[in-house]
Structure formats: C-alpha cells, structure tokens
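K.L.:
Give the three-dimensional model of this entry:
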Amino acid sequence: MNKVMEKLISLHDLDVMISDLANKDISRQEKKLGLYPEAAVAELRKMRDQLASTIDRKHRDMYDRLAGHYGNAVVPVVNQRCSGCLTQLPTAFFASPDRNDQVVTCPSCGRFIYWCD
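P.N.:
Okay, here's the model as predicted:
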C-alpha cells in the first residue's frame, strides 16, 4: 500500500479514537473503570500531531477539509462502491492490480479510498 495512504488511514484511526474518548458517555464509562480518558486524549492528540507532520501539506490539507465536511475523510471500497457516498466506482478503479499503490479519491465525494483485498 502507498505510504501516504497508510499514514492517512492511521490519521483517520487516531481521529476516531480521539472522538470516541471525547464522547461524554464513553468518557464516563472509562472513568468508572478507573481509567483517565483526558490523559489518553492528550496522548492521542500528540501522536496525531506527530503523524500529521509527516504527511505532505497537500494531502494533509485535503484530509482536514474532507474530515471537516464529512466527518470521515478516508473510507474503504466495499463491493466496488465508495463506502462514504455509496457510489459505484468506475471499472477502471477496481480493475487495476496496483490500485493501492497510489493515493486515490472517490470521483463523486472526493474522499480518500482504499481497497481491503
């Protein structure tokens, strides 16, 4: 898989974890278990900032714009469809054997897409 795409997927995963721990219900449950979600969020944000600094500005800005608009900027392709907007992708997208060797965006919604082969 393309290194930039791997970083974008990891960035998305960190954003999801941060969002989950910021959720009041989840935070309350974590505290009941004796965990400290505030410390975890701070550590995850630090990790996110470090990772984001390794992604070129063009892709990072596009990721931030998409995440702000849709909530999730990186989505897998499922059954030849973008799982973000559910648009059927053109045959050329999924027929290429090196499709994960490049950064690809959905022609409909613009999200970064990847294949889980």
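
K.L.:
Next, the buried residues of the longest helix anywhere in the chain.
P.N.:
Determined from DSSP state H, the single longest helix within the chain is helix 3-22. Buried positions in helix 3-22, judged by neighbour count with 16 or more other Cβ atoms under 10 Å: 4-5, 7-12, 14-15, 18, 20-21. Using the backbone N, CA and C atoms, a C-beta is placed for each residue, glycine as well.

K.L.:
can you list contacts of stretch 3-12?
P.N.:
48, 51-52, 54-56, 59, 63, 67, 72-74, 100, 102-104, 112, 114 (Cβ atoms under 8 Å, 6 or more residues apart in numbering).

K.L.:
ok, 7 Å please
P.N.:
Outside stretch 3-12, the residues that touch it by Cβ atoms under 7 Å, 6 or more residues apart in numbering are 48, 51-52, 54-55, 59, 63, 72-74, 100, 103, 112, 114.

K.L.:
how about those in CSV, adding neighbour count?
P.N.:
Below are the contacts of stretch 3-12 laid out as CSV (neighbours: other Cβ atoms under 10 Å):
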residue, neighbour count
48, 17
51, 16
52, 17
54, 12
55, 18
59, 17
63, 21
72, 16
73, 24
74, 21
100, 18
103, 17
112, 23
114, 19
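
K.L.:
Strands of the chain, start to end?
P.N.:
Secondary structure of the chain by DSSP state E: the strands cover 74-78, 81-82, 104-105, 112-115.
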